[in-house]
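J.: Fold the stuff below for me.
(one chain, ligands or ions: 1)
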Amino acid sequence: MVEHEKIYMEKHRMTDKVLISPNTTLYPVPVVLVTCGNREENNVITLNRIASCNAEPPMISISVRPGRASHGLIEQYGEFVVNLPWPDMEVVCDFVGATTLRKIDKWAETGLKRLPANQVQPPLLADCPVNLECKVIQTVKLPSHSLFIAEVVALHADSQVVNARGEVDFDLAQGGLVYRSAIVRERPVDNFRPQQLRASVHQWRDNRPA
Ligand SMILES: Cc1cc2nc3c(=O)[nH]c(=O)nc-3n(C[C@H](O)[C@H](O)[C@H](O)COP(=O)(O)O)c2cc1C
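T.: Okay, here's the model as predicted:
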């Protein structure tokens, strides 16, 4: 081991383990904007409970609490789109994840732009560089969340994040879309203040490139 590696290990390796209450701590944590509904009536929700869960065919899973307005739409239409945000959209993710379709017009507040999808009814978010169109194939009711397991039936990517082999490569862009927060609490929305976020999300909406 070279000297700088030794210093790193001494600095970062845990020497004492502390037993803390169990939760779903993982690192890093992706945060995505999921669109759901149909062509006329649709919604957007922020999710961090998302995982790749099968390769052939490509499948991902998302976990949504039954109380969310989006839960009903995903159950009703059996389709959703996973939109991967740019790092500067963290404020949008916070806002969309702290407000509900039942009380607010998230489209007007955020100015997020929608595009028609190819295979599913919910729209793609034009503001996001990657969009995965998904069809639900199985739903598992867990104690607090519904786990929607879905096949990825179409994948869209901005050309700037596609490499010569036709793969999405975020190293080509602004360096990844991992959520800045290193702590993901069980109920992240408890810490968000929609009124304060509104001003920041309006600033994002009004200052982004046309
Ligand atoms: C960073 C972040 C991650 C979230 N992850 C999830 C999640 O994985 N599952 C979930 O049900 N809600 C999650 N939420 C909460 C929903 O986004 C939030 O309740 C939202 O207001 C629901 O909107 P709706 O009622 O319009 O569907 C998250 C919120 C934030 C801010």
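
J.: Retrieve the pLDDT associated with the residue in the chain that the ligand sits nearest to.
T.: Here the chain gets closest to the ligand at one residue, residue 97, 2.5 Å apart by Cβ to the nearest ligand atom. Every C-beta, even on glycine, is put in place using the N, C-alpha and C of the backbone. With respect to pLDDT, residue 97 has a value of 89.

J.: close enough to count as contact, residue 163 and residue 157?
T.: No. In this structure residue 163 lies outside contact range of residue 157 using Cβ atoms under 8 Å: 10.2 Å.

J.: which ones are touching the residue nearest to the spatial centre of the chain?
T.: Using Cα atoms, centre = their mean, the residue of the chain that lies closest to the mean C-alpha position is residue 32, 0.9 Å off. Each residue near residue 32 by Cβ atoms under 8 Å, 6 or more residues apart in numbering is listed here: 46, 47, 48, 50, 82, 83, 84, 85.

J.: Enumerate the beta-bridge partners assigned to it.
T.: Here residue 32 sits in beta bridges with residue 47, as judged by DSSP bridges.

J.: next one: the one 10 residues further on
T.: The residues listed as beta-bridge partners of residue 42 by DSSP bridges are residue 37.

J.: residue ranges with poor pLDDT in this protein?
T.: Low-confidence segments of the chain, defined by pLDDT under 70: 1, 9, 12-15, 174-194.

J.: where does it come near the ligand, residue by residue?
T.: Within the chain, the residues that sit near the ligand (Cβ under 6 Å from any ligand atom) are 31, 43, 45-49, 63-65, 68-70, 93-94, 97-101, 188-189.

J.: Sort out for me which of these are in helices.
T.: 69, 70, 93, 94 (DSSP state H).

J.: Please indicate which of the residues you listed are buried?
T.: In those, burial by neighbour count holds for 70, 93, 94, counting by 16 or more other Cβ atoms under 10 Å.

J.: wait, the last one sits on residue 197?
T.: Yes. Counting by Cβ under 8 Å, residue 94 touches residue 197, with 5.6 Å between them.

J.: What is the neighbour count of residue 120?
T.: Look at residue 120: counted by other Cβ atoms under 10 Å, it has 23 neighbours.

J.: For the most far-flung residue of the chain relative to its centre, give me its contacts.
T.: What lies farthest from the middle of the chain is residue 3; by Cα atoms, centre = their mean that is 39.2 Å. Contacts for residue 3 (Cβ under 8 Å, 6+ apart) come out as none.

J.: in this structure, which spans are helices?
T.: Under DSSP H, the chain gives helices at 3-12, 69-77, 90-96, 106-110, 194-207.

J.: most packed of the ones you listed?
T.: Ranked by mean neighbour count, the helices of the chain are led by helix 90-96 with a mean of 23 (mean count of other Cβ atoms under 10 Å).

J.: so what secondary structure elements neighbour that helix?
T.: strand 32-37, strand 42-47, helix 106-110, helix 194-207 (3 or more Cβ pairs under 8 Å, 6 or more residues apart in numbering; DSSP states H and E).

J.: Can I get the ones you listed in a markdown table including distance to residue 55?
T.: A markdown table is the format used below for the helices and strands packed on helix 90-96 (distance: least, Cβ to Cβ, whole Å):
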| stretch | distance to residue 55 |
| --- | --- |
| strand 32-37 | 19 |
| strand 42-47 | 21 |
| helix 106-110 | 33 |
| helix 194-207 | 35 |
